[in-house]
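In: sequence and predicted structure, then a few things I'm wondering about:
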Amino acid sequence: QVQLVESGGGLVQAGGSLRLSCAASGRTFSAYAMGWFRQAPGTEREFVAGISWSGGRSYYADSVKERFTISRDNAKNTVRLDMTSLKPEDTAVYYCARKTELYATPTYSPQEYDYWGQGTQVTVSS
């Protein structure tokens with residue numbers, strides 16, 4: 001069984017920064033792409049960023065490009081999301097998720113991820 005636990009959310013003023021972390025259990029972490037998603041009240045869960053199983057390639061939603069950076073440490077079974085220049089519209093619950101298929105490329109659809117963390121709240125005040 002895989003468990004994903006996010007941490008690092010909180011309240012920050014617009015223009016500020018936050019770092020989210022996701023700790024994963026299991027010995028096969030390095031074989032799976034990982035993604036960060038977010039969901040604001042009344043909206044669908046949306047892709048934020050993804051990283052390949054090796055960490056060599058990363059992908060971003062247009063809304064966060066140049067502001068967010070995803071990274072991973074396969075030795076520590078962790079994936080991180082560094083968020084800068086935060087905007088009120090970044091306010092949401094952020095989730096990390098594991099891509100279903102081994103050695104697959106991160107994709108934008110939540111349906112293609114099988115394990116999810118419990119989420120961490122990020123609130124950006126104006």
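Out: Arrived safely, thanks for sending.

In: do a quick rundown of the strands in the chain.
Out: Using DSSP state E, the strands of the chain run over residues 4-7, 10-13, 18-24, 32-39, 46-51, 58-60, 68-73, 78-83, 92-102, 113-116, 120-125.

In: any idea which of those is most buried?
Out: Of all those, strand 32-39 carries the top mean neighbour count, a mean of 24, counting by mean count of other C-beta atoms under 10 Å. Where you see a C-beta, it was placed from the backbone N, CA and C, and this is true even at glycine.

In: so which elements touch that one?
Out: In terms of contacts (3 or more C-beta pairs under 8 Å, 6 or more residues apart in numbering; DSSP states H and E), strand 32-39 is packed against strand 18-24, strand 46-51, strand 68-73, strand 78-83, strand 92-102.

In: tell me how far it lies from the chain's centre.
Out: Chain-centre distance of strand 32-39: 4 Å, with C-alpha atoms, centre = their mean, to the nearest Å.

In: same question, stretch 46-57
Out: That offset, for stretch 46-57, works out to 8 Å (C-alpha atoms, centre = their mean).

In: thinking again about what came up before, can I get the strands of the chain in a markdown table with mean pLDDT?
Out: Shown next, in a markdown table, are these (pLDDT from 0 to 100):
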| stretch | mean pLDDT |
| --- | --- |
| strand 4-7 | 97 |
| strand 10-13 | 98 |
| strand 18-24 | 98 |
| strand 32-39 | 98 |
| strand 46-51 | 98 |
| strand 58-60 | 97 |
| strand 68-73 | 98 |
| strand 78-83 | 98 |
| strand 92-102 | 96 |
| strand 113-116 | 96 |
| strand 120-125 | 98 |
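
In: hmm, back to that, please convert the helices and strands packed on strand 32-39 to JSON lines, extending it with distance to W116.
Out: What follows is the helices and strands packed on strand 32-39, written out as JSON lines (distance: least, C-beta to C-beta, whole Å):
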{"stretch": "strand 18-24", "distance to W116": "10"}
{"stretch": "strand 46-51", "distance to W116": "13"}
{"stretch": "strand 68-73", "distance to W116": "16"}
{"stretch": "strand 78-83", "distance to W116": "13"}
{"stretch": "strand 92-102", "distance to W116": "5"}
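
In: nearest to D62, of those strands?
Out: The stretch from these with the least distance to D62 (C-beta to C-beta) is strand 46-51; that distance is 10.4 Å.
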